[in-house]
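Starting from these lines, generate the structure:
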Amino acid sequence: MEKEDKARNAPPAAGGEGVWALEQNRDLTTIAYERIEELFVAMRIAPGEEIRTQDLQVMVDLGRTPVHQAVRRLAAETLLEVRPRNGLRVAPIDLSREKRLAELRRDLNRFVTSTAIRNITANDRAALHYLRRKLAAELADLSLDAFNAIDKSFDRLVIRASGERFLDRVLSPLHAIARRIGFLHINQISGREGILGSAERHLAIMDFMLAGSEEKACAASDELVAYGIEMLEQLEKEIDPALLDVRFSVRAGKAAWGVQKPQKPEPSTG
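Residues are numbered from 1 along each chain as shown. Below you'll find the model as predicted:
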């Protein structure tokens, strides 16, 4: 328990600017869930990779109980696959399935965006103004990890403003899957242009929400999902299949993302 208490106040582990930035006042299971989700989104656990729960405990610097509870939720949300007696497998990227999920996300986003505009409180409006200013001010130098942190804050804010909190369990995994696709596309194909394209579409949604325009905000939300579908279609044509599922290549995996497991030093020959 001492280790878990310390983890609550510990600085985020290495993994990129903006990662694990939303942990204040959260229980350990929720912290474990969000840290593992960030590893999933940023592909620090690679699609199709086999991994043990003990490995995740080390990676997120939390104890057995919260990690096990988080893994159960992530498995129910299809982000992880539980393999009895064989540990876990990170869900591979299935481009056909993710196109279908994008259509579901589009419809749910329309509902939650429209409902948020009707029900938004003064506090949530102030938070939306803040996120809008932050995204616009930092856009020129915004890293992908930092953008994903703002994106996640925005998703969470819209769900809270809608008053339909049960949607969090439905939309959160859909948003995580979409962010993983964005991470892959930006790292392998679109680069800086991909961050800017996504950020500009987020700003449009924010502006129409603040203006109280349901129709325009929903149309802008549709445009953001369409942008994600374009990414999926481009990945289908151009991406190495080993980056969608490490089982396609014994040499793929973490090394493909510039994140490698610690290596034992080779014995000295001197």
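
May I have the residues that are in contact with V82?
Contact partners of V82, counting by Cβ atoms under 8 Å, 6 or more residues apart in numbering, are V71, A75, L88. (C-beta placed from N, C-alpha, C; glycine too.)

Let's see which of these end up in strands.
Counting by DSSP state E, the contacts of V82 place L88 in strands.

what about burial for the contacts of V82, which qualify?
Of the members of these, the ones counted as buried by neighbours, 16 or more other Cβ atoms under 10 Å, are V71, L88.

Point out where this protein drops to low pLDDT.
1-25, 250-270 (pLDDT under 70).

Just the strands from it, written as ranges.
50-51, 80-82, 88-90.

Check what contacts stretch 98-108 and list those residues.
167, 170-171, 174-175, 177-178, 181, 221-222, 225-226, 228-229, 232.

Mind giving me the PyMOL select for the residues you listed, buried ones only?
With 16+ other Cβ under 10 Å as the criterion, this PyMOL line picks the buried residues out of the contacts of stretch 98-108:
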select buried, resi 167+170+171+174+175+177+178+181+221+222+225+228+229+232
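
Now distance to G191 too, for the strands of the chain, in JSON lines please.
Below are the strands of the chain laid out as JSON lines (distance: least, Cβ to Cβ, whole Å):
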{"stretch": "strand 50-51", "distance to G191": "28"}
{"stretch": "strand 80-82", "distance to G191": "29"}
{"stretch": "strand 88-90", "distance to G191": "24"}
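
before we move on, the earlier item: okay, and which of the contacts of stretch 98-108 map to helices?
Taking DSSP state H as the definition of helices, these contribute 170-171, 174-175, 177-178, 181, 221-222, 225-226, 228-229, 232.

Roughly how far does the closest residue to I117 other than its chain neighbours sit from R125?
Closest residue to I117 apart from its sequence neighbours, by Cβ to Cβ, 6 or more residues apart in numbering: E214 at 5.1 Å. Using Cβ to Cβ, to the nearest Å, one gets 15 Å for the distance from E214 to R125.

do you know how far A217 is from A211?
Distance from A217 to A211, by Cβ to Cβ: 8 Å.

okay, these two: which has more neighbours?
Counted by other Cβ atoms under 10 Å, A217 and A211 do not tie: A217 has more neighbours, with 25 against 11.

that older thread, check contacts around the residue nearest to I117.
T113, S114, I117, R118.

nearest spatial neighbour of the second one, skipping sequence neighbours?
Taking Cβ to Cβ, 6+ apart, and ignoring the residues beside it in sequence, S114 has E214 as its nearest neighbour in space, at 4.8 Å.

bridging residues for V90?
Using DSSP bridges, the bridge partners assigned to V90 are L80.

if I pick it, what's in contact with it?
Each residue near V90 by Cβ under 8 Å, 6+ apart is listed here: F40, I45, A46, P47, G48, E49, I51, L79, L80, E81.

that older thread, quick one: the residue nearest to I117 from L224, how far?
Taking Cβ to Cβ, one finds E214 at 16 Å from L224.

Kindly report the same for L174.
13 Å.

re earlier: please convert the contacts of V82 to CSV, extending it with distance to P241.
Output for the contacts of V82, formatted as CSV (distance: Cβ to Cβ, whole Å):
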residue, distance to P241
V71, 27
A75, 24
L88, 21
